[in-house]
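Peer 1: task: produce atomic coordinates for the following.
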Amino acid sequence: MKLNWFKYASPATFYPLAGKLIPWFALSAAGFTFAGLYLSFFVAPTDFQQRESYRIIFIHVPAAWMSMFIYIVMAGWAAAGLIFNTRLSSMMASALAPTGALFTFIALWTGAFWGKPTWGAWWVWDARLTSELMLLFLYLGFLALHAAIDDTRRADRASALLALVGVVNVPIIYFSVKWWNTLHQGASVSMTMAPKMATTMLLGMLIMALACWMYSIAAALARVRCIILEREQQAEWLAKLTKEPA
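Peer 2: Model prediction:
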């Protein structure tokens with residue numbers, strides 16, 4: 001039987017599907033988080049240079065990965081909403097933004113805790129740290145701009161344009177350690193090079209990344225259901241308002 005995925009482009013059709021998927025992704029997030037934290041804090045060996053302080057990377061690195069990945073996905077949904085004029089695409093972009101902002105804040109916060117014993121300072125105006133901070137401002141700007149405009153369609157278009165303009169910051173974050181002389185260390189995981197860490201460390205980091213990924217999907221699906229209900233109620237209210245006699 002051929003499955004027609006285009007029918008799920010309708011918010012009314014996607015709403016019940018999202019409700020069925022949320023528990024699976026939420027349970028997966030919980031399971032991966034438990035396994036990842038156990039490996040990271042009880043199984044992974046102590047680093048010979050940074051000692052126990054290095055363990056913050058098991059939260060910091062997956063959060064930093066997700067902050068960039070979610071922004072790219074959010075910009076993709078925003079672009080789809082502009083090009084195809086689909087309501088669900090714009091809703092998904094709005095649903096992803098708070099989770100992306102959360103992971104960006106976690107990346108900056110844990111980075112400060114990692115930087116203090118490593119660099120001797122909570123914060124430095126390093127290229128990667130500064131561009132990551134800009135990413136947080138882009139997320140917050142997206143949310144603020146959308147909330148500032150009463151007309152939903154106009155808010156979707158304006159915030160989508162901001163998301164597309166801001167996507168240029170993502171490669172700047174990723175390549176900043178290669179383009180400039182920064183304090184931040186280079187990538188520990190690369191597609192073209194062997195891992196620079198023990199297998200247990202790498203496994204713990206990847207499992208935590210999966211946990212963040214599963215959580216992001218569950219949170220976005222739950223949030224988009226709320227957005228769908230909110231917009232449907234708003235549409236019904238406007239319809240009733242226009243039908244009322246003057």
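Peer 1: please name the residues that touch residue 232.
Peer 2: By Cβ atoms under 8 Å, 6 or more residues apart in numbering, residue 232 lies in contact with residue 11. For glycine as for every other residue, the C-beta is placed from the backbone atoms N, C-alpha and C.
Peer 1: does the nearest residue to residue 172 once chain neighbours are set aside belong to a helix or a strand, and which?
Peer 2: In this structure, residue 172 finds its nearest non-sequential neighbour in residue 131, 4.8 Å apart by Cβ to Cβ, 6 or more residues apart in numbering. Using DSSP states H and E, residue 131 maps to helix 127-148.
Peer 1: for this structure, which segments count as helices?
Peer 2: 11-38, 57-84, 87-119, 127-148, 152-166, 169-179, 199-243 (DSSP state H).
Peer 1: grab the nearest non-local neighbour of residue 122.
Peer 2: residue 112 (4.6 Å).
Peer 1: what is the neighbour count of the one you found?
Peer 2: For residue 112, the neighbour count with other Cβ atoms under 10 Å is 16.
Peer 1: repeat for residue 86
Peer 2: So residue 86, with other Cβ under 10 Å, has 16 neighbours.
Peer 1: for the helices of the chain, which one sits closest to residue 51?
Peer 2: Taking Cβ to Cβ, helix 87-119 is the member of these nearest to residue 51, at 8.5 Å.
Peer 1: name the helices or strands packed onto that closest one?
Peer 2: Contact here means 3 or more Cβ pairs under 8 Å, 6 or more residues apart in numbering; DSSP states H and E; on that basis helix 87-119 packs against helix 11-38, helix 57-84, helix 127-148, helix 152-166, helix 199-243.
Peer 1: just the ones you listed: most buried one?
Peer 2: Highest mean neighbour count among these (mean count of other Cβ atoms under 10 Å): helix 57-84, with a mean of 21.
Peer 1: which helices and strands does that helix pack with?
Peer 2: In terms of contact count using 3+ Cβ pairs under 8 Å, 6+ apart, helix 57-84 is assigned the packing partners helix 87-119, helix 127-148, helix 152-166, helix 169-179, helix 199-243.
Peer 1: let's see that with 7 Å instead.
Peer 2: helix 87-119, helix 152-166, helix 169-179, helix 199-243 (3 or more Cβ pairs under 7 Å, 6 or more residues apart in numbering; DSSP states H and E).
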